[in-house]
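Peer 1: how would this look folded up:
(one chain, ligands or ions: 2)
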Amino acid sequence: MTAPLIDPFARAITYLRVSVTDRCDFRCVYCMSENMTFLPKKELLTLEELDRMCSTFVKLGVRKLRITGGEPLVRREIMTFFRAMSRHLDSGALDELTVTTNGSQLEKYAEDLVACGVRRINVSMDTLDEAKFAEVTRWGRLPQVMRGLDAAQAAGLRVKINAVALKGFNEDELFSMTEWCASRHMDLTWIEVMPMGDIGNENRLGQYWSLKDMRKTLAERYTVTDLDERTGGPARYVRLEETGQKIGFITPLTHNFCESCNRVRLTCTGELYMCLGQEDMADLRKPLRDFPDSETALEEAIRAAISLKPKGHDFDYSRQSLDGQMPRHMSHTGG
Ligand code: SAM
Ligand code: SF4
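Peer 2: Numbers count the residues shown, from 1 in each chain. Ligands and ions are numbered 1, 2, ... in the order given. Modelled structure (predicted):
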């Protein structure tokens, strides 16, 4: 029996988020600059390497895989990788295979995802207004994403919407987004904007909308019940009794939920980040490429990396400075 991955703070690592590409067909203002330089293709793990990497994590006890990016569904032949991972669902080694996407390619891939055992997906969407959508994503177009959502739901996927909370941008859409999601039977999670990467001229401090008052605002219109549900991540959930919906708040800046963290993040180049908010990482591509016929070195490198997982992150907006700001982009680690 293989020993599970347990970090120095006795947290079992059962959840791997995998970025399969740094590229994207959108340029969201809080995520990327308009002129991004992407990695040379040879730096990226091939689909076969991603399979070896993820399969090794599954062997070491990871039960949930979330595929992200960049935009995961713009990677060429990405369904080959999803198909490969579905064998771990079939064997019972993996509980869940899921994806976080901007929705632009769902019209094309929704049915394939279902065929690969994907049951739930997260779709990122910050506004229901076409002009504002074009503004915040720069290159994205809302009708395309709406067609993707239709296709996803028609294929039987459960959809959760993720919205980044942006001050002065979508604060006024709190109720309209909630009602629209309710009408489509979708849960909704709001994410506090995090200080990630150089994103050009956008004023990040101006974008920060703390979610600490959102529960109170929702309670003005709905009966709000706190849910005990813990996902091991920085999300907390409430239920709106009138709509039956779950509303999530991801507040890594307002609160520190690191003590229950069960996850690590693999980048598309094979770097393992043990914490979203810390620079420490381990290069897993080298042991993977140096030993193409054996996973022993890779397994040892993964265990060594997990033994260095830090207790928590150091983000802090409170002093109106960017203490703890991370130089890498969210599209690098996949959010
Ligand atoms: N392209 C896919 C998407 O947008 O869903 C997957 C990758 S994206 C980096 C993953 C999530 O990170 C998205 O929900 C996005 O809104 C969020 N995100 C990106 N930059 C962020 C930031 N600076 N602060 C908070 N969330 C961010
Ligand atoms: Fe692309 Fe997602 Fe980043 Fe937007 S948030 S630019 S869709 S990777």
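Peer 1: for the helix or strand encompassing residue 109, what is the average pLDDT?
Peer 2: Per DSSP states H and E: residue 109 is located in helix 106-115. Mean pLDDT, computed over helix 106-115, is 98.
Peer 1: go on, stretch 79-90?
Peer 2: Per-residue pLDDT over stretch 79-90 has a mean of 98.
Peer 1: for it, the distance to its chain's centre please.
Peer 2: Counting by C-alpha atoms, centre = their mean, to the nearest Å, stretch 79-90 is centred 19 Å from the centre of its parent chain.
Peer 1: now stretch 221-235
Peer 2: For stretch 221-235, the distance to the chain centre is 18 Å (C-alpha atoms, centre = their mean).
Peer 1: can you check stretch 226-245 too?
Peer 2: Computed by C-alpha atoms, centre = their mean, the chain-centroid distance of stretch 226-245 equals 18 Å.
Peer 1: hmm, who's touching it?
Peer 2: Stretch 226-245 has contacts (C-beta atoms under 8 Å, 6 or more residues apart in numbering) with 14-15, 178-179, 181-182, 186-189, 215, 218, 222-225, 246-252, 255, 257, 260-263. Every C-beta, even on glycine, is put in place using the N, C-alpha and C of the backbone.
Peer 1: and if we set it to 7 Å?
Peer 2: Stretch 226-245 is contacted by residues 15, 181-182, 187-189, 215, 218, 222-225, 246-252, 257, 260-263 when judged by C-beta atoms under 7 Å, 6 or more residues apart in numbering.
Peer 1: From those residues, which land in strands?
Peer 2: Here DSSP state E is the test, and these give 15, 187-189, 224-225, 246-250, 263 as lying in strands.
Peer 1: Reformat those residues as a markdown table; add pLDDT and neighbour count.
Peer 2: Shown next, in a markdown table, are those (pLDDT from 0 to 100; neighbours: other C-beta atoms under 10 Å):
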| residue | pLDDT | neighbour count |
| --- | --- | --- |
| 15 | 96 | 21 |
| 187 | 97 | 20 |
| 188 | 97 | 21 |
| 189 | 97 | 19 |
| 224 | 96 | 17 |
| 225 | 96 | 10 |
| 246 | 96 | 18 |
| 247 | 96 | 25 |
| 248 | 95 | 23 |
| 249 | 92 | 21 |
| 250 | 88 | 22 |
| 263 | 90 | 21 |
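Peer 1: Present the residues you listed as TSV; the columns should include distance to residue 118.
Peer 2: TSV is the format used below for the ones in strands among the contacts of stretch 226-245 (distance: C-beta to C-beta, whole Å):
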residue	distance to residue 118
15	16
187	16
188	20
189	18
224	30
225	29
246	19
247	23
248	20
249	25
250	21
263	19
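Peer 1: nearest to ligand 1, of the residues you listed?
Peer 2: Using C-beta to the nearest ligand atom, residue 250 comes nearest to ligand 1 of the ones in strands among the contacts of stretch 226-245, at 7.9 Å.
Peer 1: which residues touch the closest one?
Peer 2: 189-192, 234-235.
Peer 1: of those, closest to ligand 1?
Peer 2: Distances from ligand 1 to the contacts of residue 250, taken by C-beta to the nearest ligand atom, are shortest for residue 191, at 4.7 Å.
Peer 1: The closest one sits in which helix or strand?
Peer 2: strand 187-192.
Peer 1: Report the angle between that strand and strand 246-250.
Peer 2: Per axes from the mean of the first three to the mean of the last three C-alpha atoms, to 10 degrees, the angle that strand 187-192 makes with strand 246-250 is 20 degrees.
Peer 1: chain center to strand 187-192, what's the gap?
Peer 2: Centroid separation for strand 187-192 versus its chain: 12 Å, with C-alpha atoms, centre = their mean.
Peer 1: Closest one to residue 122 out of the contacts of residue 250, please.
Peer 2: Closest approach between those and residue 122, by C-beta to C-beta: residue 189, at 7.8 Å.
Peer 1: how close does the closest one get to ligand 2?
Peer 2: Distance, residue 189 to ligand 2, using C-beta to the nearest ligand atom, to the nearest Å: 14 Å.
Peer 1: Return the residues in contact with that residue.
Peer 2: By C-beta under 7 Å, 6+ apart, the contact list for residue 189 reads 160, 162, 235, 248, 250.
Peer 1: can we see that at 8 Å?
Peer 2: 122, 160-163, 235, 247-250.
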